[in-house]
Every structure is written in structure tokens, then in C-alpha cells.
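[1] model this:
(one chain, ligands or ions: 3)
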Amino acid sequence: MSGLTSSEFVRHAAAALERVRNTRPRVHCLMNTVVQKLVADGLSAIDAIPSMTSSPEEVEAFVEKADALSVNLGTLDSQRRTSITLGVSASARLGRPWVLDPAHCDYSASRATFAQQLLREGTPILRANEAEFWLLQVSDDVVGVRTGKHDVVRKGAQSITIENGHPLTAKVTGTGCLSGAVIAAFLALGEDPHLSAASALLAFGVASELAADHARGPGSFEPALLDALHAISPDDILKRARISHDQG
Ligand SMILES: Nc1ncnc2c1ncn2[C@@H]1O[C@H](COP(=O)(O)OP(=O)(O)OP(=O)(O)O)[C@@H](O)[C@H]1O
Ligand SMILES: Cc1ncsc1CCO
Ligand SMILES: [Mg+2]
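    Ligands and ions are numbered 1, 2, ... in the order given. Take a look at the predicted model:
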């Protein structure tokens, strides 16, 4: 884990949350049409600044203005393919960090092929659920994030496992998509991408636990998660973190 002990990593994550709040990174999202609002609200709640437009004519200008890009393939159509291709190339050209969520690439061979092509542009972070993750190949310099009961953040032989979280998170559509956008906000700090991705997921997992304390089910969990992303403090991370790591 880049030479850090577990407790050093947890302190890094707590401080990274504070830096996201203070620097207010701009995150451009090429997001599926199902969960645009949740993703924009979740980014705003952690004090990042979202933009969501996806027209091919404008995408390069928005990527240029942003500090990081979050790409999601959930509702791919031909215009979105064009916008995503342009956005990802601009990101790689400008050296901006970017995150790929290959949503539902396990349902469609053409989507999986597209995801695999995109992963060759720049040095992205891959954020995927179990089924999607195992379908794609990532090179050793790409950080691969597999979410689920535990989130595993791997780079080459090194991995960090985040045990924080709550099962209700999986009952709200789009929390995985939002976790990818939150990773992009942490990447915008320009720090080690492996640590940034793991820090983002630790903050997200702890926020999920805080939210669950105020929820009666998925319906009340969603707004509680936004409240928790707004309220979560570095201290919550220091007190609640449950992680393990493998140096490979
Ligand atoms: N069993 C579980 N217990 C706790 N947290 C979970 C569980 N399963 C998933 N999560 C959390 O729920 C969020 C969504 O993860 P998931 O792997 O379901 O992504 P996804 O399928 O891409 O979601 P979506 O497509 O709805 O955005 C992540 O923050 C993950 O940590
Ligand atoms: C349900 C669904 N369908 C396309 S995108 C999306 C939300 C993220 O999975
Ligand atoms: Mg998904």
C-alpha cells in the first residue's frame, strides 16, 4: 500500500476527505441517465462540484474545465459512445484523472469491448461490481476497484480491502455509480491514485454506515446517504475504519 501501514492509510483517508472539502474539485460526469440526480447530489454533498452534460459538441470543453472525469456506460447509445470517446481522449490528452464504471458490460459483448478499449486511454481507475470486474483485464498500472460486501482496491499485487459499508447501499440503484464519481473527486487531489480510490471508498463506506442509522429501508436510506456524505468528518473515518491490506 505504497509503504503505508493500515493506520497511516486511515489517517491519509481522513485528511484526504478534508482536502476534498477544502478544494471543491470539479468532477465532470458522463453518467447513465438513470442516476444522474443521485450522482450530482452525492458529489455536491461532499463539497465537490458536479457537471453532467454529455453532448459531443461540448464534452471536451467540460473535461478541460474539470479536475477529474467519471464515465459510466449504463445507458450507452451511439451519441453517448461518441461523447465518451471524445471525453476520455481529452482526459488522457490533458492528463486528467478519470474513472470508468463499465455498468452492465456483463450483459453485452459490444459494451465489454468498448470498456476494454477505453481502459487503454491514459491511466484510468476501473470501478465495477463483481460480475463486471472479472470480465475486464486491467494492466498493472491501472487501479482496479471491485465493490460488494467488501470493496477491494487493487494495483498490481497490492490491495486494500474496505470492510465498512451497509447492505442497504446495494438496495439503492446508483450507489455504485456514485461511488465511482466520489473516487473521481478524490483523484482530483492529484495524490497516489491507489490511495485516493481507497480513501474515497472508505469515506463512502463509513457514510453508508452513518446513513443506515437514520434509515428504515432503501427509500429513506437514499436521502440519509446524501446527509451522511455531507456530515461525515475525518474523525468518523478515524473512529470507524475497518480495513486490511496486502502488500502482495
Ligand atoms: N452486501 C453488501 N454489504 C454492504 N455494502 C454493499 C454490499 N453490496 C454492495 N455494497 C455497496 O453498495 C455500493 C454499490 O455496489 P455494487 O457492487 O452493488 O455496485 P453496482 O452494482 O455497480 O451498483 P449500481 O449499478 O446500482 O450503481 C458500493 O458502495 C458497495 O460497497
Ligand atoms: C439500472 C440501470 N440501468 C441502466 S444504468 C442503471 C443504473 C446503474 O446500474
Ligand atoms: Mg453498476
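
[2] Tell me who's in contact with the nearest residue to S51 once chain neighbours are set aside.
    In space, and not counting its chain neighbours, S51 is closest to H28: 5.0 Å by C-beta to C-beta, 6 or more residues apart in numbering. C-beta here means a position set from N, CA and C on the backbone, and glycine is covered the same way. Neighbouring residues of H28 by C-beta atoms under 8 Å, 6 or more residues apart in numbering: P50, S51, M52, V59, F62, V63, K65, A66, A68, L69, S70, G87.

[3] Are any of those residues buried, and if so which?
    Listed as buried from the contacts of H28 are P50, S51, M52, V59, F62, V63, A66, A68, L69, S70, G87; burial here means 16 or more other C-beta atoms under 10 Å.

[4] Show me what the residue nearest to S51 is bridged to.
    S51, L69 (DSSP bridges).

[5] List the contacts of the closest residue in space to H194 that isn't next to it in sequence.
    Nearest residue to H194, sequence neighbours excluded (C-beta to C-beta, 6+ apart): K155, at 4.3 Å. Neighbour list for K155: D140, D141, V142, V143, G144, P193, H194 [criterion: C-beta under 8 Å, 6+ apart].

[6] try V27
    43, 48-51, 66-70, 181, 184-185, 188.

[7] Kindly export the helix or strand hosting G219 (C-alpha atoms) in CSV.
    Per DSSP states H and E, G219 falls inside helix 218-231. Extracted C-alpha coordinates of helix 218-231, given in CSV (Å, rounded to 0.1, in the frame of the first residue of the first chain):
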residue,chain,number,x,y,z
PRO,A,218,-34.0,1.9,0.8
GLY,A,219,-36.4,4.8,0.4
SER,A,220,-35.2,6.7,3.5
PHE,A,221,-31.6,5.4,3.0
GLU,A,222,-31.1,7.4,-0.2
PRO,A,223,-31.6,10.9,1.4
ALA,A,224,-29.8,9.7,4.5
LEU,A,225,-26.8,8.8,2.4
LEU,A,226,-26.7,12.3,1.0
ASP,A,227,-27.0,13.8,4.5
ALA,A,228,-24.2,11.5,5.7
LEU,A,229,-21.9,12.4,2.8
HIS,A,230,-22.4,16.0,3.8
ALA,A,231,-21.9,15.3,7.6
